[in-house]
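Colleague: sequence and predicted structure are below.
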Amino acid sequence: MGLANGNPLEPPAQRGAVNPSEDRPAGSLRDRMDETLRLERSQRRRVKVQAKRAEVAETTRSAHDAALASFAATLPHQFTRPELLVEALTHRSSADPNRQQLDSNERLEFLGDRVLALIMAEWLAERFPAEREGALGKRLGSLVSAETLGRVAEGMGLGAALRVPPGEQRAGVMARQSVVADALEALLGALYVDGGLDAARALIRREWESLLEVSSRPPSSPKSRLQEWTLGRALGLPEYVMVATSGPPHAPVFRVRAVAAGREAEAVGDNKRAAEQAAAEQLLQVLGAV
């Protein structure tokens, strides 16, 4: 009587044992070759992308270096420490986050703000010896405002020399008035560090001279004019309400509503103060008080 599974003494091959070579799916060698080719193609693509990025970065650096050199040639001071000028014109979007962005222009901007105020106050006291503190303060506030700084920076062509990433360039960061205004303050800080008050004074007196002589009367901001208009009619003080903020941290947009005399108007700005001034200007027009 034979066993159901055959003769146990038969060799495995004779009992129908599975051949190891037959256990591998058909085409597995081809699959491995295809996978190898796919990985090679992927690696080549990565190398090409990296090379392209390096080429773009080098082109961007070269363009920025040329723009920076061109801008430096227009300044009334030659830097003994050129790295200060580079720092002053480095937007924080280009800073190294691993260094807590200490290589951006924010610290120099902080210093330059104070340098500008001091030199401008000195100049105003010299230019208008008969004016009282209140009138001088109005002139100072107008001449060191973000709006004025932005116009001066634009006139100098400062935006073209700013160091910002290509993506931010395409987004128009270099053309934002608040960005170039901050960079101008940083430039004044760098001039002070490198050459003292005389170096900063030379640039300020050159670029602000026409603004200083524009009017014999102290200027008044839209917020001041709106407040004078409402108080003169016993309507109380205007109110300013923050409606919304948008945009990335380094390029925010503020929307503010100005309310007075039962009317209101909204406007946007690169910072809260600029938005309030713009809203006040809009409301003055609504009220017919321009």
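Modeller: Noted; the coordinates are in hand.

Colleague: and the lowest mean pLDDT element among the helices and strands of the chain?
Modeller: helix 20-23 (a mean of 50; mean pLDDT, DSSP states H and E).

Colleague: which strands or helices does the longest helix along the chain pack on?
Modeller: Longest helix in the chain, counting residues (DSSP state H): helix 28-72. With contacts defined as 3 or more CB pairs under 8 Å, 6 or more residues apart in numbering; DSSP states H and E, the packing partners of helix 28-72 are helix 82-88. Bear in mind the C-beta positions are built from the backbone N, C-alpha and C, glycine included.

Colleague: which SSE is immediately downstream of the helix it packs on?
Modeller: On the C-terminal side of helix 82-88, the closest following helix or strand by DSSP states H and E is helix 106-127.

Colleague: point out where the chain drops to low pLDDT.
Modeller: Regions of the chain meeting the criterion pLDDT under 70 cover residues 1-27, 51-62, 95-102, 166-173, 214-218, 250, 290.

Colleague: domain parsing for it?
Modeller: Segmentation of the chain into domains, based on automatic domain parsing, reads 65-212, 222-286.

Colleague: turn these into a markdown table, including distance to Val49 and mean neighbour count.
Modeller: Below are those laid out as a markdown table (distance: least, CB to CB, whole Å; neighbours: other CB atoms under 10 Å):
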| stretch | distance to Val49 | mean neighbour count |
| --- | --- | --- |
| domain 65-212 | 15 | 18 |
| domain 222-286 | 25 | 17 |
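
Colleague: let's have these in CSV, adding distance to Arg45.
Modeller: Output for these, formatted as CSV (distance: least, CB to CB, whole Å):
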stretch, distance to Arg45
domain 65-212, 21
domain 222-286, 30
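
Colleague: what about the strands in the stretch 101-250 of the chain?
Modeller: Using DSSP state E, counting those that start in this stretch, the strands assigned to the stretch 101-250 of the chain run over residues 239-246.

Colleague: residues contacting the closest residue to Pro252 other than its chain neighbours?
Modeller: Among residues not flanking Pro252 along the chain, Thr245 sits closest, at 5.7 Å (CB to CB, 6 or more residues apart in numbering). Applying CB atoms under 8 Å, 6 or more residues apart in numbering to Thr245 gives the contacts 252-255.

Colleague: test my guess that Gln177 contacts Glu154.
Modeller: Yes: in this structure, Gln177 is within contact of Glu154 by CB atoms under 8 Å, at 7.3 Å.

Colleague: who touches both of these two?
Modeller: With CB under 8 Å, 6+ apart, Gln177 and Glu154 have no common neighbours.

Colleague: quick one: Pro82 and Pro165, what's the gap?
Modeller: Distance of Pro82 to Pro165, computed by CB to CB, to the nearest Å: 22 Å.

Colleague: now swap in Thr36 and tell me
Modeller: 37 Å.

Colleague: please apply the same query to Leu143.
Modeller: 32 Å.

Colleague: with Arg273 instead?
Modeller: Counting by CB to CB - Arg273 and Pro165 are separated by 27 Å.

Colleague: and for Pro249?
Modeller: Distance from Pro249 to Pro165, by CB to CB: 14 Å.

Colleague: and if you look at Gly137?
Modeller: Counting by CB to CB, the gap from Gly137 to Pro165 is 39 Å.

Colleague: what of Glu109?
Modeller: Separation of Glu109 from Pro165 (CB to CB) stands at 19 Å.

Colleague: chain center to stretch 253-264: distance?
Modeller: 26 Å (CA atoms, centre = their mean, to the nearest Å).

Colleague: contacts for it?
Modeller: By CB under 8 Å, 6+ apart, stretch 253-264 touches 226, 230, 233, 235-247, 265-272, 274-276, 278-280, 282-283, 286-287.

Colleague: before we move on, the earlier item: tell me what the residue nearest to Pro252 is bridged to.
Modeller: With DSSP bridges as the criterion, Thr245 is bridged to Phe254.

Colleague: related to what we said a few turns ago, so what's the gap between the longest helix of the chain and the chain middle?
Modeller: Here helix 28-72 is found 27 Å from its chain centre; the criterion is CA atoms, centre = their mean.

Colleague: cool, stretch 221-239 as well?
Modeller: So, by CA atoms, centre = their mean, the centroid of stretch 221-239 is 33 Å from its chain's centroid.

Colleague: distance between the ends of it?
Modeller: Length of stretch 221-239, first residue to last, CA to CA, to the nearest Å: 16 Å.

Colleague: how about stretch 71-85?
Modeller: With CA to CA applied, stretch 71-85 spans 10 Å between its terminal residues.

Colleague: spit out the contact partners of Ala181.
Modeller: Residues near Ala181 by CB under 8 Å, 6+ apart: 146-147, 149-150, 153.
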